[in-house]
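Chemist: need a structure here:
(4 chains)
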Amino acid sequence: MRYSGFRVIKEALTGHKGWKPVWREPEPKSHYDVIIIGGGGHGLATAHYLSKVYGQRNVAVVEKGWIGGGNVGRNTTIVRSNYLLDGNEPFYEFSLKLWEGLEQDVNYNAMMSQRGIINLFHTDGQRDAYIRRGNAMILNGADAELLDADQVRAEHPYLNFEDARFPIKGGLVQRRAGTARHDAVAWGYARSADLHGVDIIQNCEVTGLRIENGTCLGVETSKGFIGASKVGCAVAGNSGRVMGMAGMRLPIESHVLQAFVSEGLKPVLPSVITFGAGHFYVSQSDKGGLVFGGDIDGYNTYAQRGNLPVVEDVCEGGMALMPMIGRARLLRMWGGVMDMSMDGSPIIDRTPVQGLYFNGGWCYGGFKATPASGYCFAHLLAKDEPHPVATAYRLDRFRTGRMIDEKGAGNQPNLH
Amino acid sequence: MTQVNRLTGGQIDRNSTLNFYFDGRSYTAHPGDTLASALLANNVRLIGRSFKYHRPRGLLTAGSEEPNGMVELRAGARKEPNTRATTIEMFDGLIANAQNRWPSLRFDALAVNDMFSNFLSAGFYYKTFMWPAAFWEKLYEPIIRRAAGLGSLSMQADPDEYDKGFRHCDLLIIGAGPAGLMAALTAGRAGADVILADEDFTLGGRLNSETFSVGDHSAPDWAAQAVAELSAMPNVRLMPRTTVIGAFDHGIYGAVERTGDHLPSLPTGKPRQILWRIYSQKALLCAGATERPIAFENNDRPGIMTASALRTYVNRFAVTASPRVAIFTNNDDGHRTASDLHAKGVKIAAVVDVREDAPLSYDYEVLKGAQVVNTKGRLGLSFVEVALPDGSTRTLDCGALGVSGGWNANVHLTCHQRGRPVWNEALAAFVPGENLPVGMSVAGSANGVMSTHGALRSGAEAAAAVLDLTTLPDLPEAEDAPIALKPFWYVQGCKRAWVDQQNDVTVKDVKLSYQEGFRSVEHLKRYTTLGMATDQGKTSNITGLAIMAEVAGKSIPETGTTIFRPPYTPVPIGAFAGRMTGKEFHPTRLTPSHHWAKERGAVFVEAGNWLRAQWFPLPGETHWRESVDREVRQTRASVGVCDCTTLGKIDVQGTDAAAFLNRVYANGFAKLAVGKTRYGLMLREDGMVMDDGTAARLAEDHFVVTTTTANAVSVYRHMEFVRQCLFPDMDVQLISTTDGWAQYAVAGPNSRKLLQKIVDPEFDISNEAFPFMACGKITVCGGLRARLFRISFSGELAFEIAVPSRYGDALMRRLMIEGKEFDVTPYGTEALSVMRIEKGHPVGNELNGTTTALNLGLGKMVSKKKDSIGSVLCERKALIAHDVLKLVGLKPVNPEEKITAGGHLMNTDGPVDSAHDQGYVTSAAYSPNLNSNIGLGLLKRGDARMGEKMRLVSPLTALTVEVEIVSAHFIDPEGERLRA
Amino acid sequence: MIINHPLLGPRDASEFTYLGDASLIDRPDGMAENAADAFYDYAYLRDNPAGEHRELWYHEAGDRSWLVVTRNTLTHEISKVELARDVARARGRTK
Amino acid sequence: MHDLVAITALGGAAPRVDTVGPVTFTEVPDVALTSVAARLGQEAKAREALANVIGAPAPDIQRIAGGEKTAFWSGPDQWMVEAPYNGHHDLADQVKAAVGNTASVTEQTDAWVRFDLRGDGIPSVLELLSQLDLRCLSSGTAARCSIHHVGCYLLCRDANHYSIYGPRSSAGSLHHAVLTSMRSVY
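Modeler: Predicted coordinates for the structure are as follows:
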C-alpha cells in the first residue's frame, strides 16, 4: 500500500478501515540466502537495500525483541557528514545523500530535516582543526562553512556571549546536516524491506551460530535453527556477545551513552549545536522537546541506563553554552549501548569465518550512518567485496596500523 | 471576582489573603493554596489547550501527575513554561499565563485542528508531507513546529542560582504519606539516620486529603503530630518540597529540593533549587498511588477530573470545582468522594457506577450499572449523558465530574534500573516486581496496600525489616476498607475518548496502532506518542495498555508492561548544572604572575583551565601583530621573559627512577648525568606520540619531569599506571609539583647577563660552568631557593628559572627592573608560538594523537635497544611505509601571502580533491625575523621533497597559496645560539 | 556508582577515572620474538563480557591508587575491589 | 636573607578573611608543606622516621597526627607534613634530613593553598561542596575530595575547625565555591 496525502484523506473519510499492518509477522523459513542478525536501523536498512538495490529476495532479519528498539530508537537523531579523515568522509557524505532521498525511496516520512549543524570552537587550536576538517569535507564533495564569532552570534543570539568561561570564537557549519525522526527511519526501512519480500522476525533471539569447518551454516535461535548461506551481524552494542558465539574477540567495548529530552517548547533552536568546550550537543524536535546529550558514562556496560554524574556534566555544558535553558525541564533520560571501537570508526568486513560478515563499531555515530551502513553492508553481502566508500572499514586495520582515528585518542574506546 | 467556590475548613490560612494573576486577570487566594486550588476557588476551570487538537482543558488531578493544567509561571527572564498548576504553591503577587493558545485561551485559532482531527490520526505525518521533497523544511515542518510545543522559553539567561548537595543516610524514605510517616517514626525511634523526603510542601500525603480519623485524631492532625515528633529527632532529616527523581546505582538517589519556588523572590545568594545526591544504605519507597480516569466520549472537558482530586480540593483546600458535581466510578472509593463532597454541602447530581452491585446512599442518587457516554459544554463541563442498564439515557446537569477507574501504584522508581512491575488482579494494577534496585523496598499503596491502616502497618513493618527490629510500634486505628473494584477502562462505542489527554491520544488511536501492526507496548508508545507527554503517562499508560490488550485478545500482563525512566517528575536543567555556570563552568587556574600581567594590560587566553598571557600590548600598539612581532624581535635581539608555570611538573624519585623513565620515554634516560636535562619523547602504547617534555636529573635518584600544559594530568595518570600496574616492584615515587613552582623562561642573547644580576654570586652560570642542558639548585636575590634549567624552546640562549610560587610575582617584577638595561620584554603565548614555529618544535597542533615520532622527524629518538611504552606498535606496516607524513616547513613563494593552519597540500598541477591530498598545514605564523609568513605541515614523503613547490588550498576560507617545502628549522638550524 | 576502595571504603565512582579491561596489566615483553602479535592482541582485542568484568579504575580525585574492580556489566553490581599493584604482583609483574 | 616579597595564593599581601553567619573562612599562608613517600621496602623505617619528625606515630589511613609538625595520610605509604611557614620555609630539607633514604621527600608548600573554616554548622556548608560522608570525617581525619571540580584535601581538626587544601593555582575558584556555599546556607 502506497502512502500519500490523498491516501490519508481517503482513509479519514472512510474511518481508517483500510490501513494495513506495516509489516507481516512471518514464521521463519528453514533456509535463507541471507540472514541479518539485528532488527535495528542498520539491520533493517541492510535488508532494504539488499532486497531493493541488490535484488535479493530470500532474506530474513531476526530480532530478539521488537524492531527499532536498539540505538535507532534511543538516539539524538542527528544526521551529518562533517568528518575529517578520508576513510570516513566519503562514507558519511554518501550516507547524507541517501538521507536526502530516503523518504521517496522508502515511501515513509522520516521527517529528515536539513536544518544544519554548527560545531562551535573556543580556541585557536580547535579553529585550526576545524578548518582542516571543513577543507576535508569540501575536498570530498560535502558542504562546509566557517563562521566567526559575530556570524555565530547573528545566527544564535541566545548563546552565552556575556560571561562564557570559554568564549565562542566561531563555528564550523554544515547546512545540509540536520535531524530525522529516529523511529520512523526504522519503520520506513522495515516496511519497505517487508514489501520487497524480506521476512522480519521479531522476538527471535539468536542463541548461537552454527559453524562447521570454518563455515557459518546458519543461526540457532529461540525459534529453532535457521539455515543461511550468508549471515550478517549488525547488533551494535551486542557485537561482542554475538561474535563471541563465533569465538571472535573484537576491537570493541560496549559502553552506555545517555540521552535526554526536555518538555515540549515552542521553537527556540534553529539547528543542531555542539559545544566545543564541554560535553553537550542539542537540537529541538518537531514536537518541541530539546533533545540533547554529551559524553558516554565511560565504563563497560550492557545496561541501557547511566548515572547522575554524567547527567550533571551534560547539563553543566548546556548551561555554560545557552543559559536560557535553565528553566526548561529535563523530562526523560535514557541510555543506549554503544559499540565503541578502538579508533572511533566502524567496521564493515568479512570475518575469518566463511559466510559470516560483521557490521559494527559505530560508537555513538551509528544513526547518521544508517543508510550508508545498510547500503555498504548489503553490497558486501551481495558481492563479497567492500563498497567503494567503505574500503577503509577493515577488521585488520589495527594490526596493519591503518587506524581511522578522528579524535586521535588512540586505543581507548571510551575516549572516542 | 471573589472565591465563589470556597468552602469551609481545609488547610488554608484565611487570616491572610494573597493576590495573584492568571492570564492577565487578578484573583485572590490564601496561604496553603496551590495555583490549581486557587483557580477553582475563583471558578476558573479553563486553564490550557491540548497539544495536538488545542482542545480546551482544565485540571485533571490535584498532584504532580497533572497532564492538562499547565501554565507559564512568572514573567520576564524567570518565565517557567509547562508548570503544573497543581504543584505551584501560592504566593502573593504570583503571575501565571495560559500557554499553547493564540490569540487567546477562550478563542484559540488552532482549535480548527480539532475539526480536522479525523485527518490527524495517529502517525498520519509518517504517511504524507513527502512530496515534493523540498517542501518539508520550507513549508510543512515550520507549520508543524509552530503548532507543536507547549510553553515558550523567555530566551533570556536564567537569572536564578542552583546548588548541589550530598547527603548520606542509613534509610531514605521516599514519600511522607501514612506508610512513609509510620516508617520514619519506626526507624527514627530506633535511632537510625533517616531522611524523609516528600514532593509536597505539607507532609502527610493522602492523609491531608481525607476526613476519616487515624487513632484519636483526624487524618491531617495525626500527620501533623507525626511530623512534629519526627522533626524533634536529631537523627531524622525531613525534606519537604523535595522530589526524589531517580534511583541510580548502588543506593544513590537524585532528589530536587525546591527551596525558593514558593517565595515571591529569592533572597540574595540563596538557591532556587538544590539537587541532592543522597547516598543511602537502604531506601524505602512510599510514593503512594495515583487514581486513573476512565475513557469515554469527550472525557477531556474542563471540570472533568479524577474523583480523588475533587476530594483533595474539597477536604484539603476547601474548594469545590463546582457547586454541582457528578461521580463516575467502578469502585467504592468513588463513593467516598461523593460522601465527602456531600458532607461539605456540595450537591451530588448522581454517582454513576458501572457495577450492578454498587452500594447505595441515603444522601444522593446512585445509578447502578450505568456509564457516562458523553459530555457537553464548550469551554467547560455543563452536563453529562448517562446510559442506564435498561438502555435509556439520562442527562445530569453538573459543572464537574469526578472519575474513578481505580488506583495505580506509583512504581516508577522501582523501574529505574530496568526492574519490571507485576500485574495484580485484585487491584487491576501493576505493583513492584522482584527485581527492585539493590537496597530498595516498597511499602504502602506504592506496594499495592491501599487501605490507610494497611499502609501504616506496611510502613512500620518495612522499616523494621530493613533495620532488623524485632518489635513494631503500636499502630493507630484507621480505615481498613477492602478493595472493591470492577476493572473498567473505557466506554464501548465511543469515538473520541481521551487516553493521554495532553498528547491527545484517543481510544481510536490505540486501536489504529494495533491495526497497523504497532503492537508491542514500545511501538504503541512511539507510534501514538501515548505516555510521551510531560506527565510521562502517569494517568494514561495502563489504560492504553488495557485497550491494546483487549483488541489483541490477550491479558494485560501478556500484552506487556510499561516501565518508567528518571526523572520521576521533570527537573529544570539549571538544577542539574548547579553553580557550574558562566565563568564558574570550570575552575580557573592562575599563574603566580597573573596579577602582575594584568597590571601590564596583558591579553589572556584560555589554556585548558589556565589563563595565560597571550601578548602584552604597549601604548600605541593597535593590532595584536604589532605586540607579538615586537615581543619576538626583542627576545631574539636581547632578552624576553615568559611565564611557563603552566607546564606540568612531576617529581620522580626512587632508586629506580632512571629505569622507570627509561620505560615511559621512547629515548634513553639511564645514562643521563646528574645536573643534566634531556628532551624526552613519550609514546602511547599504540605508538603515537603522547607528550614531550624535559627530564632534569637533580640527583641519582631524583628527576624533575616537565609535561605540556595540556597533558599534565593524563601524563601523571599514565606514569602512575606504569608504576603501579606494569612495574610494581620498581622503587619509584611520583608527585606533581606543577603549582608549587613559578617558572619563567628567560630567553635571548642577553638572558645570561640578566640572570647573573639576580642569581646569587656563589653560583656560576657561565657557559663553561652551566652549559646547554645543565640544571641545578641555586639561590637568587640573596638566598631564595630556586631551580635553574638551561633549556630553550625559543632556540635562543635561554634558561628556565623556578622559585616557590608565592615569590613568582616578585621575581617577575624584579626581572623587569633588572632587565631594563637590556630592553627586556615579557612575552606571551603568541610570541612563544611564533618562535617555536621558527624552530620547528612540534606542539599540540602536531601532537594530535595520530602522529608518530617518525612523522615528526623524531624517529631516531625511539630506542630499539630497550622495551619502552609504544616502541613495538609504532613499527606497524602502515606507520613506517615510505609515503608516511613527515613534518616540513612551509614558506609562501610570495612572503606576503598568508598560510592557513588547516589548509591542505596539493601538487602544483593535477586535480584538487581528497584523492590527491598530499598533507596538511598544522601551524602557521608570521615570522618577523624572516619577514615572511611561515608554517609547519605534515606532508607525504615530506623529508624527501625539500624545495618542491606545492599548492596550499583552503576552500573553506577561499584561499590558494603557492608554497615552498623547506626545513622545519627556519632559524639557526645548527643550534649555535642556544649553545652560546 | 560506588566503589568500595580497599583502603578508603565506599567512594563515589565520579572520583575515579576508568581505563578498561584489567588485562591491560599483562603487558607483553616488547623485546620478545612475537612482540608484534602479542601487542596487537594486548592493545586492541577485548573480551567485552556481558557479565563479570575485571577492570581498571584510577582514584584520580583520591589517593591515586589504581584499582582492579570486578563489576557485572549487566547489573553494575561490584563483587570485588583490589589494589592493582597487588594484582600486578600476583600476576608476576616485577620491574 | 633575600629581598623578594611573597603574595598570598589569592594574590593579596595579607590573607583573606570572610565571615558569614556562624562560619569564618580564612586564607592561611603561614604553612609549610612537604610530601613524604616511603621507598619500596622501607615502609616500616619510613614510618619510624616520620614518627620522630612529628613526635607521634605516623598517621594511619585518612588520619592526622603530630604536634607543631603534623602529618596527614595522603596515599598508601604517603603523607603530607605541615608546619608553620616561619621557621620551616625549608621544611622539605629538614624532613629529608630526618628520613634519609627511607623515603622520598618533595616540597609541596606552594603547590597548595590552605583555607580554614571555623565555627558552628560547618557541615551544612560542606555538604554543598563535597560528596564525602561527613559522618565519617570525625576530628583528626583527613580525606581527599573534589570541590566544584577542584581536587582538595579536607581535614577535620575538630568539630568547629576544618582545613581545606586546594591547588594554589585554583585558589580563586575554590574560595568562590566555599564562600558561595556559606552564603547559600547562612
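Chemist: Chain C contacts on chain A?
Modeler: A:238, A:240-241, A:244, A:249-254, A:298-303, A:307, A:309, A:342, A:398-399, A:411-414 (C-beta under 8 Å from any C-beta of the partner chain). Using the backbone N, CA and C atoms, a C-beta is placed for each residue, glycine as well.
Chemist: Is it correct that residue B:926 is in contact with residue B:831?
Modeler: No - using C-beta atoms under 8 Å, residue B:926 makes no contact with residue B:831, being 11.2 Å away.
Chemist: Show me just the buried residues among the residues of chain A next to chain C.
Modeler: Buried by 16 or more other C-beta atoms under 10 Å in any protein chain shown: A:238, A:240-241, A:244, A:250-254, A:298-303, A:307, A:309, A:342, A:398-399, A:411-414, out of these.
Chemist: Strands - which of the residues you listed land there?
Modeler: A:252-254, A:298-300 (DSSP state E).
Chemist: Out of the residues you listed, which comes closest to residue B:388?
Modeler: Of all these, residue A:254 has the smallest distance to residue B:388: 60.2 Å, by C-beta to C-beta.
Chemist: Any part of the one helix or strand residue B:169 maps to near chain D?
Modeler: Assigned by DSSP states H and E, residue B:169 belongs to strand B:162-174. Yes - using C-beta under 8 Å from any C-beta, strand B:162-174 reaches chain D at B:163-168.
Chemist: And the strands in chain C, which stretches?
Modeler: Under the criterion DSSP E, strands of chain C are mapped to C:2-5, C:9-12, C:17-21, C:52-58, C:66-72, C:78-83.
Chemist: show me what contacts the nearest residue to residue B:946 once chain neighbours are set aside?
Modeler: For residue B:946, ignoring the flanking residues on the chain, the nearest one in space by C-beta to C-beta, 6 or more residues apart in numbering or on different chains is residue B:965 at 5.8 Å. Neighbour list for residue B:965: B:888-890, B:939, B:942, B:945-950 [criterion: C-beta atoms under 8 Å, 6 or more residues apart in numbering or on different chains].
Chemist: Could you do residue A:53 as well?
Modeler: A:375, A:378.
Chemist: Same question for residue D:18.
Modeler: Applying C-beta under 8 Å, 6+ apart, the residues contacting residue D:18 are D:24-26, D:179, D:182.
Chemist: could you redo the last one with a cut-off of 10 Å?
Modeler: Listed by C-beta atoms under 10 Å, 6 or more residues apart in numbering or on different chains, the contact partners of residue D:18 are D:24-27, D:115, D:175, D:178-179, D:182-183.
Chemist: Check residue B:270 too.
Modeler: Residues in contact with residue B:270 (C-beta under 10 Å, 6+ apart) are B:160-161, B:163, B:259-260, B:263, D:183-185.
Chemist: Now for the closest residue to residue B:454 other than its chain neighbours, how many residues are close by?
Modeler: Among residues not flanking residue B:454 along the chain, residue B:480 sits closest, at 6.3 Å (C-beta to C-beta, 6+ apart). By other C-beta atoms under 10 Å in any protein chain shown, the residues close to residue B:480 number 13.
Chemist: List the residues that contact the residue most central in space within chain C.
Modeler: Of all residues in chain C, the one closest to the mean position by C-alpha atoms, centre = their mean is residue C:56, 2.4 Å from it. With contact taken as C-beta under 10 Å, 6+ apart, residue C:56 is in contact with B:721, B:724-725, C:16-25, C:66-69, C:84, C:87.
Chemist: Could you report the separation of it from chain D?
Modeler: Going from residue C:56 to chain D by C-beta to the nearest C-beta, to the nearest Å gives 16 Å.
Chemist: just residue A:321 next, same as before
Modeler: Relative to chain D, residue A:321 is positioned 17 Å away (C-beta to the nearest C-beta).
Chemist: burial measure for the residue nearest to that residue when sequence neighbours are not counted, as a count.
Modeler: Nearest non-adjacent residue to residue A:321, counting by C-beta to C-beta, 6+ apart: residue A:275, 4.6 Å away. Residues lying near residue A:275 (other C-beta under 10 Å) number 24.
Chemist: And the pLDDT for residue A:275?
Modeler: Residue A:275 is assigned a predicted lDDT (pLDDT) of 98.
Chemist: which residues touch it?
Modeler: A:119-120, A:122, A:159-160, A:166, A:168, A:281-282, A:292, A:294, A:314, A:317-318, A:320-322.
Chemist: wait, what's in contact with residue C:69?
Modeler: By C-beta under 10 Å, 6+ apart, the neighbours of residue C:69 are A:299, C:1, C:3-5, C:13, C:16, C:18, C:22, C:53-57, C:78-82, C:84.
Chemist: And these, which of them are buried?
Modeler: Here, 16+ other C-beta under 10 Å leaves A:299, C:1, C:3, C:5, C:13, C:16, C:18, C:22, C:53-57, C:78, C:81, C:84 buried among the contacts of residue C:69.
Chemist: gap between the closest residue to residue A:393 other than its chain neighbours and residue A:381?
Modeler: Spatial nearest neighbour of residue A:393, excluding adjacent residues (C-beta to C-beta, 6+ apart): residue A:348 at 4.4 Å. Distance, residue A:348 to residue A:381, by C-beta to C-beta, to the nearest Å: 10 Å.
Chemist: intersection of neighbour lists for these two?
Modeler: Counting by C-beta under 10 Å, 6+ apart, the contacts common to residue A:348 and residue A:381 are A:46, A:232, A:357, A:359.
Chemist: Generate TSV for those residues, with distance to residue B:692 and neighbour count as supplementary columns.
Modeler: Compiled in TSV, the shared contacts of residue A:348 and residue A:381 are given as follows (distance: C-beta to C-beta, whole Å; neighbours: other C-beta atoms under 10 Å in any protein chain shown):
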residue	distance to residue B:692	neighbour count
A:46	45	35
A:232	45	27
A:357	42	22
A:359	39	33
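Chemist: Give me the neighbour count for residue D:118.
Modeler: Other residues near residue D:118 number 17, with proximity taken as other C-beta under 10 Å.
Chemist: hang on, isn't it packed against residue D:20?
Modeler: No - Residue D:118 is beyond contact range of residue D:20, at 12.0 Å (criterion: C-beta atoms under 10 Å).
Chemist: so where does the residue in chain A that chain D sits nearest to fall, helix or strand?
Modeler: Going by C-beta to the nearest C-beta, chain D is nearest to residue A:316 of chain A, at 9.2 Å. Per DSSP H and E, residue A:316 falls inside helix A:308-321.
Chemist: tell me the average confidence for that helix?
Modeler: Across helix A:308-321, pLDDT averages out at 98.
Chemist: how much distance is there from it to the middle of the chain?
Modeler: What separates the centre of helix A:308-321 from the centre of its chain is 23 Å, taken as C-alpha atoms, centre = their mean, to the nearest Å.
Chemist: and the angle from that helix to strand B:162-174?
Modeler: Put simply, helix A:308-321 runs at 150 degrees to strand B:162-174, going by axes from the mean of the first three to the mean of the last three C-alpha atoms, to 10 degrees.
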